[in-house]
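Visitor: test case, fold it:
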Amino acid sequence: MKINFIGASDPGLIRFSNQDAFYTDPEGRFFIVADGMGGHAGGEEASRIATQEIQSYLGANWNSAIPSQKLLEEALLQANEAIIRDQQNHPERSDMGTTAVVVVFRENSPLCAHVGDSRLYRWRNSQLDQITEDHTWVARALKVGDISPDEARIHPFRHVLSRCLGREDLQHIDIQPLDIQQGDRLLLCSDGLTEELVDEKIAAYMQDTSMLDKASIALIEAAKEHGGHDNITVVLVAIDN
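Guide: Numbers count the residues shown, from 1 in each chain. All right, here's what the predicted structure looks like:
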């Protein structure tokens, strides 16, 4: 299995800073997208700490005997603890936090972990599927039928997270195996993309991902054309021969 990938991030049209962060492992072993919150400095620091801690822990323990699911869980919990330590050392950032979505290719069993509303999508045979489930009030209300999909897109609580990194009460990390086939394309993204583009619009830009750099730019530019109200980050991963 050959993996090609690219990542890109843009501040969007409204914000002066970029509180998103991403990491693509040069060897194609793992990929991270994080979307910080808590004000200008806090959001940038939270997403930076998260990507750095996750990358560092995965890299240092990649060849260890730790099972992949445990390795991924510990990486995100370590990131959570690092953000909390920074909050304690810098009270002005006490409310900062970050989402995170991480994909790892290890032991021939790809896994995804996520906290918050940064998403993972899979493109296969002209169909786009959302793999992760947002940790938001709106996602929960939508799941139980309290609101409709149309209401969810404009609901005033749509940005209210039920879970994020940087919280002492975070006890559980959602981790799931990934069904990956040759020809699949994965999209990790922050909500700066999904807030502006419905899934059908994203799917239109995934029709031709033979050139990942052009596809990533096209997705970001489309989000900006639809408002660009938030930072926009995308990581595209192609699974080929």
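Visitor: give the contact list for residue 166.
Guide: 38, 46, 80, 83, 84, 87, 96, 97, 98 (Cβ atoms under 8 Å, 6 or more residues apart in numbering). Where C-beta positions appear, they are placed from N, C-alpha and C, glycine not excepted.
Visitor: recalculate using a threshold of 6 Å.
Guide: By Cβ atoms under 6 Å, 6 or more residues apart in numbering, the residues touching residue 166 are 46, 83, 96, 97.
Visitor: quick one: contacts for the first one?
Guide: This means residue 46. 36, 83, 96, 97, 98, 166.
Visitor: measure the fourth one to residue 35 for me?
Guide: Counting by Cβ to Cβ, to the nearest Å, the separation of residue 97 from residue 35 is 10 Å.
Visitor: who's more crowded, the two?
Guide: Higher neighbour count among residue 97 and residue 35: residue 35, with 30 against 27, using other Cβ atoms under 10 Å.
Visitor: can you tell me the closest non-neighbouring residue to that one?
Guide: residue 190 (4.0 Å; Cβ to Cβ, 6 or more residues apart in numbering).
Visitor: same check, this time on residue 126
Guide: residue 207 (7.1 Å).
Visitor: residue ranges in this protein under the pLDDT threshold?
Guide: Within the chain, the stretches falling below the threshold (pLDDT under 70) are 139, 142, 145-146, 151-152, 154-158, 241.
Visitor: quick one: the helices in this protein?
Guide: Along the chain, the stretches classed as helices by DSSP state H are 39-61, 68-89, 137-143, 149-154, 191-194, 199-205, 212-225.
Visitor: same list (those) but as a markdown table, adding distance to residue 13.
Guide: A markdown table is the format used below for the helices of the chain (distance: least, Cβ to Cβ, whole Å):
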| stretch | distance to residue 13 |
| --- | --- |
| helix 39-61 | 17 |
| helix 68-89 | 28 |
| helix 137-143 | 24 |
| helix 149-154 | 19 |
| helix 191-194 | 10 |
| helix 199-205 | 17 |
| helix 212-225 | 6 |
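Visitor: the residue nearest to residue 35 against residue 36, yeah?
Guide: No. With contact defined as Cβ atoms under 6 Å, residue 190 does not count as touching residue 36 (9.5 Å).
Visitor: need the residues touching each of these two.
Guide: Counting by Cβ under 6 Å, 6+ apart, residue 190 and residue 36 have no contacts in common.
Visitor: measure the closest residue to residue 94 other than its chain neighbours to residue 37 for me?
Guide: Closest residue in space to residue 94, ignoring its immediate chain neighbours: residue 87 at 4.9 Å, by Cβ to Cβ, 6+ apart. Distance of residue 87 to residue 37, given as Cβ to Cβ: 13 Å.
Visitor: could you do residue 23 as well?
Guide: 19 Å.
Visitor: can you check residue 52 too?
Guide: The gap separating residue 52 from residue 37 is 17 Å, by Cβ to Cβ.
Visitor: higher neighbour count, those two?
Guide: residue 37 (19 against 16).
Visitor: isn't that one up against residue 45?
Guide: No. Taking contacts as Cβ under 6 Å, residue 37 lies outside contact range of residue 45: 10.9 Å.
Visitor: overlap in contacts of those two?
Guide: Common contact partners of residue 37 and residue 45 (Cβ under 6 Å, 6+ apart): none.
Visitor: wait, what's in contact with the residue nearest to residue 35?
Guide: The neighbours of residue 190, taking Cβ under 6 Å, 6+ apart as the test, are 20, 33, 35, 118, 233.
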